[in-house]
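J.: Fold the following.
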Amino acid sequence: MKRGTLNAIILGCITLSASALANFKPEGNEKSAIAEAIKDGYQTQRNLAFNYRMGRGKPGGADYIPKDMVKACAWRKILLISNPGKVDGSDPTNERYECSKLNFKQDEDVWRIVHQYLPLINDAKLKGEYMVDKEAGEPGELQIIDVE
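T.: Residues are numbered from 1 along each chain as shown. Just a heads-up that it's a prediction; the model follows:
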């Protein structure tokens, strides 16, 4: 097996594992998952894109998210645009993979989705509601950080 192919397989497995296990967010059905991704930011957006890529739950179930490569691609683009300081090397790789097989019409649909949700994310950022650490306490509260 060629070295490049092996590296791609390993990277894919690591990416899938990390995305599937991280925080188990977003929760709920498609609508509530999108609402979480708009406010909770990077990791939830990654997980939502992964859920669209693989599908989650059963139709009619409380946690159902349909398999949809157009939406997976759109959320990969959204997270790249919305979180330039958070992305890692796997994010553009996932975006390229999920968007590469889409046709022209599907690509138009991707950008329609991106342009629908980016303003909502920007509004959340302006209101200080984006990627708020809910366990960090009150804003301005002194926190002691230990580094060993």
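
J.: how about the helices in this protein?
T.: Ranges of helices in the chain, per DSSP state H, are 3-21, 30-40, 42-54, 69-82, 90-99, 104-126.

J.: so which of those helices gets nearest residue 133?
T.: Across these, residue 133 has its closest neighbour in helix 30-40 (10.1 Å, Cβ to Cβ). For glycine as for every other residue, the C-beta is placed from the backbone atoms N, C-alpha and C.

J.: what does the closest one rub up against?
T.: Residues outside helix 30-40 that contact it (Cβ atoms under 8 Å, 6 or more residues apart in numbering): 25-28, 44-45, 48, 51, 64-66, 75, 78, 117, 120-121, 124, 129-132.

J.: ok, residue 87 touching residue 80?
T.: Yes: in terms of Cβ atoms under 8 Å, residue 87 counts as a neighbour of residue 80; the distance is 5.9 Å.

J.: Just checking, which helix or strand of the protein averages the lowest pLDDT?
T.: Ranking every helix and strand in the chain by mean pLDDT, DSSP states H and E puts helix 3-21 at the bottom, with a mean of 53.

J.: average model confidence for stretch 37-51?
T.: In this model, stretch 37-51 has an average pLDDT of 96.

J.: nope, stretch 110-125 is what I meant
T.: 97.

J.: Now do the buried residues in that stretch.
T.: Across stretch 110-125, burial judged by 16 or more other Cβ atoms under 10 Å covers 110, 113, 114, 117, 121, 124.

J.: List only those of the contacts of helix 30-40 flagged as buried.
T.: Applying 16+ other Cβ under 10 Å to the contacts of helix 30-40 flags 25-26, 28, 44-45, 48, 51, 64-65, 75, 78, 117, 121, 124, 130-131 as buried.

J.: Among those, which one sits closest to residue 106?
T.: Set against residue 106, the nearest of the buried ones among the contacts of helix 30-40 by Cβ to Cβ is residue 75 (14.1 Å).
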